[in-house]
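> 3D, please:
(chains A and B)
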Protein chains: 2
Amino acid sequence: MRPELIDIVLVNTSHPGNIGAVARAMKNMGLSRLTLVAPRQFPDEVATSRATHAADLLETARIVPDLDSAIDAAQFVVGTSARGRRIPWPVQDPRRCAVRMAAATDTGQRVAVLFGREDRGLSNEELNRCNLHLHIPSDEAYTSLNLAMAVQIVCYELRMLAIGGALPAAETAEWDTPFSTQDNMERFYAHLEETLSAIGFLNPAAPRQLMPRLRRLFGRVRLDEMELNILRGMLTATLEQVERAGGPVFEKPRTGSEP
Amino acid sequence: MRPELIDIVLVNTSHPGNIGAVARAMKNMGLSRLTLVAPRQFPDEVATSRATHAADLLETARIVPDLDSAIDAAQFVVGTSARGRRIPWPVQDPRRCAVRMAAATDTGQRVAVLFGREDRGLSNEELNRCNLHLHIPSDEAYTSLNLAMAVQIVCYELRMLAIGGALPAAETAEWDTPFSTQDNMERFYAHLEETLSAIGFLNPAAPRQLMPRLRRLFGRVRLDEMELNILRGMLTATLEQVERAGGPVFEKPRTGSEP
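Residues are numbered from 1 along each chain as shown, chains lettered A, B, ... in the order given. The predicted structure follows:
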């Protein structure tokens, strides 16, 4: 995936605010090549304001008079399309489309992604110029996405490919403390059982399902060593209170005989 | 995937235009439950204008004064987070996070997704209330997404699952007891804090990172109602020992809700 080979092309955009929002959406996702085909109003301070820290993309944007000039060097052209057309065309969702685009850049191809007008998208003639149509699967009850939102989704899919496995695959990756070992967990459970007996919450003569349920709970969470130390500290402090109060309600479990 | 169980929660949004854009992004992706926590300016005609054909979501939006009111009935709370924090938290990208959320709704759970302020996101305290953190993998050169864009990406991932058919088996499928609600979790934390003070393990004058670490632990595990009852029972039995010993080491902290 080579983001520098991907060109976001906005065709006849009406509102400069959308152009600014597109620039921001692109830069957030690591893209930087923006082409504007005959924008109605540009440059414009509303665009600059909406771009916030992506105003540099507006300064380096190519401004061209027609679609031909925008895509003449592109080797793979994708057009965003809101719905079915009279002549069926190859159409894919943003995820599969992003895979196609990323693969094209991997072989050095230049890719252009076309986004149409706010009110009526790309014309049939423009869509006929594309190798592939991209359709964002919006809800039937309200299909019309804001232009910059559509760009955001496509750029996000490209970003997910660009980073590959950069984010932790497992939620517990890059944890700050090692996870506890099973022998430390067993010491904790013994300490817990002693404490629950001492405060009278667990009757060794009638333990029921208490310890299995607590084991399921703490086994599920996977305690790290610091958490285990905190819990052990809590148990120790609790037992000190029990001593201050005159001793345990139930003795530490041994053979199950009532004290 | 049951979209009607997913609540998009915007915390202290400053710009009404963003609220409108969020409503549109949601409706485009088939979501409809919007909650606004103390919005700075709402209702507002800018919000209505930006929502275009999603103004109905603004009319049915819940407006609440604080985060507690927003999430008290939620059983799975996801918080969007821009970057690493002092205490690492379980964090996933939007795709994996959407799978978790969709799986939760499949078992009838109510899900809340929190989005923070435009300028500084969610506070650490708010993030501590979440079971899982969601991070959108933006480019290091420009990490700050527009609020509505972030909502759009998350709703898009949920939409892809909604239309995508079968989901991977969820770890929480076929659980035997309902997962606890956030208001019950808050009562537990208040009870826990009181108890830890009473046994002298938590000094309210120097609490350090103890409660955030315990919140991370119990937020990560997602307690079910029976487990919560067991833990509450342990705390009550511990406090009885403290009374038997002559009273608490440290008085109950003054802030926080009653257990």
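
> ok, residue A:93 to residue A:78 distance?
Residue A:93 is 12 Å from residue A:78, where distance means CB to CB, to the nearest Å. Heads up, the C-betas are built off the backbone N, CA and C, glycines and all.

> got it, and residue A:154?
8 Å.

> kindly report the same for residue A:234.
Using CB to CB, residue A:234 is found at 58 Å from residue A:78.

> more neighbours, the two?
A count of neighbours by other CB atoms under 10 Å in any protein chain shown puts residue A:78 above the other of residue A:234 and residue A:78, at 26 against 22.

> so what's the more buried one bridging to?
residue A:113, residue A:132 (DSSP bridges).

> hang on, it packs against residue A:97?
Yes. Using CB atoms under 8 Å, residue A:78 makes contact with residue A:97 at a distance of 6.1 Å.

> which neighbours do these two share?
Here residue A:78 and residue A:97 share the contacting residues A:132, A:134, scored by CB atoms under 8 Å, 6 or more residues apart in numbering or on different chains.

> please, where are all the strands along the stretch 1-150 of chain A?
Remark: strands assigned in the stretch 1-150 of chain A by DSSP state E, counting those that start in this stretch are A:6-11, A:33-37, A:62-64, A:76-80, A:91-92, A:111-115, A:132-134.

> can you put those strands in TSV and add mean pLDDT and distance to residue A:196?
Below are the strands of the stretch 1-150 of chain A laid out as TSV (pLDDT from 0 to 100; distance: least, CB to CB, whole Å):
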stretch	mean pLDDT	distance to residue A:196
strand A:6-11	98	60
strand A:33-37	98	64
strand A:62-64	97	71
strand A:76-80	93	61
strand A:91-92	86	58
strand A:111-115	96	61
strand A:132-134	90	59
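
> just name the most buried of those.
Of all the strands of the stretch 1-150 of chain A, strand A:111-115 carries the top mean neighbour count, a mean of 26, counting by mean count of other CB atoms under 10 Å in any protein chain shown.

> packing partners for it?
strand A:6-11, helix A:67-71, strand A:76-80, helix A:94-106, helix A:147-163 (3 or more CB pairs under 8 Å, 6 or more residues apart in numbering or on different chains; DSSP states H and E).

> in the fourth one, what's buried?
Translated: helix A:94-106. The neighbour-count check on helix A:94-106 (16 or more other CB atoms under 10 Å in any protein chain shown) flags A:94, A:95, A:97, A:98, A:100, A:101, A:102, A:104, A:105 as buried.

> equivalent analysis for the last one, please.
By neighbour count with 16+ other CB under 10 Å, helix A:147-163 contains the buried residues A:147-163.

> report the entries of these that also contact chain B.
A:148, A:149, A:152, A:153, A:156, A:159, A:160, A:163 (CB under 8 Å from any CB of the partner chain).

> what pLDDT does the fourth one get?
This points to residue A:153. Note for residue A:153: predicted pLDDT of 98.

> that one reaches residue B:155, doesn't it?
No. The pair residue A:153 / residue B:155 is not scored as a contact, 9.7 Å apart, by CB under 8 Å.

> ok, now which ones touch the residue lying closest to residue A:64 once chain neighbours are set aside?
Once flanking residues are discounted, residue A:64 sits nearest to residue A:70: 5.0 Å by CB to CB, 6 or more residues apart in numbering or on different chains. Residues in contact with residue A:70 (CB under 8 Å, 6+ apart) are A:7, A:9, A:11, A:35, A:37, A:62, A:64, A:112, A:114.

> go on, residue A:179?
Applying CB under 8 Å, 6+ apart, we find residue A:179 in contact with A:172, A:222, A:223, A:224, A:225.

> how much space between the third one and residue A:34?
What that stands for is residue A:223. 49 Å.

> for the residue nearest the centre of chain A, what are its contacts?
Centroid-nearest residue in chain A: residue A:160, 8.1 Å away (criterion: CA atoms, centre = their mean). For residue A:160, the contact set (CB under 8 Å, 6+ apart) comprises A:98, B:93, B:95, B:137.

> which residue is the nearest non-sequential neighbour of the first one?
Right, residue A:98. Leaving aside its sequence neighbours, residue A:98 sits nearest to residue A:157 (CB to CB, 6+ apart; 3.7 Å).

> look up how far residue B:94 lies from the one you found.
11 Å.

> who touches both of the two?
Here residue A:157 and residue B:94 share no contacting residue, scored by CB under 8 Å, 6+ apart.

> returning to that earlier point: for the residue nearest to residue A:64, report the pLDDT, please.
Confidence score, pLDDT, at residue A:70: 94.

> ends of stretch A:109-123, what's the gap?
25 Å (CA to CA, to the nearest Å).

> correction: the previous question concerned stretch A:54-64.
20 Å.

> any chance you could list what contacts that stretch?
With contact meaning CB under 8 Å, 6+ apart, stretch A:54-64 is reached by A:19-20, A:23-24, A:26-28, A:32, A:34-39, A:42-43, A:47-48, A:51, A:70, B:142.

> give me the low-pLDDT residue ranges for the stretch 151-259 of chain A?
Within the stretch 151-259 of chain A, the segments meeting pLDDT under 70 span A:165-174, A:253-259.

> now with 80?
Residues of the stretch 151-259 of chain A meeting the criterion pLDDT under 80: A:165-176, A:179, A:182, A:220, A:222, A:252-259.

> can you give me the helices for it?
A:182-198, A:210-221, A:225-244 (DSSP state H, counting those that start in this stretch).

> between those helices, which one is closest to residue B:199.
helix A:225-244 (4.4 Å; CB to CB).

> angle of the closest one against helix A:182-198?
30 degrees (axes from the mean of the first three to the mean of the last three CA atoms, to 10 degrees).

> so how far is helix A:225-244 off the chain centroid?
Distance of helix A:225-244 from the chain centroid (CA atoms, centre = their mean, to the nearest Å) equals 39 Å.

> what does it rub up against?
A:177-180, A:184-185, A:188, A:191-192, A:194-195, A:198-199, A:223, A:248-249, B:196, B:198-201, B:210, B:213-214, B:217, B:238, B:241-242, B:245-246.

> leaving out sequence neighbours, find the closest residue to residue A:194.
residue A:252 (4.6 Å).

> what's the local residue count around that neighbour?
Should you count by other CB under 10 Å, residue A:252 turns out to have 13 residues around it.

> now it: how far from residue A:192?
12 Å.

> same question, residue A:141
Counting by CB to CB - residue A:141 and residue A:192 are separated by 52 Å.

> kindly report the same for residue A:17.
59 Å.

> compare these two and say which is more crowded by neighbours.
More crowded of residue A:17 and residue A:192, by other CB under 10 Å: residue A:192, with 22 against 19.

> how close does that one sit to residue B:140?
For residue A:192, the distance to residue B:140 (CB to CB) stands at 44 Å.

> got the contact list for residue A:80?
Residues near residue A:80 by CB under 8 Å, 6+ apart: A:113, A:114, A:115, A:116, A:121, A:122, A:133, A:134, A:135, A:136, A:150, A:154.

> same check on residue A:14?
So residue A:14 contacts A:40, A:41, A:117, A:118, A:119 (CB under 8 Å, 6+ apart).
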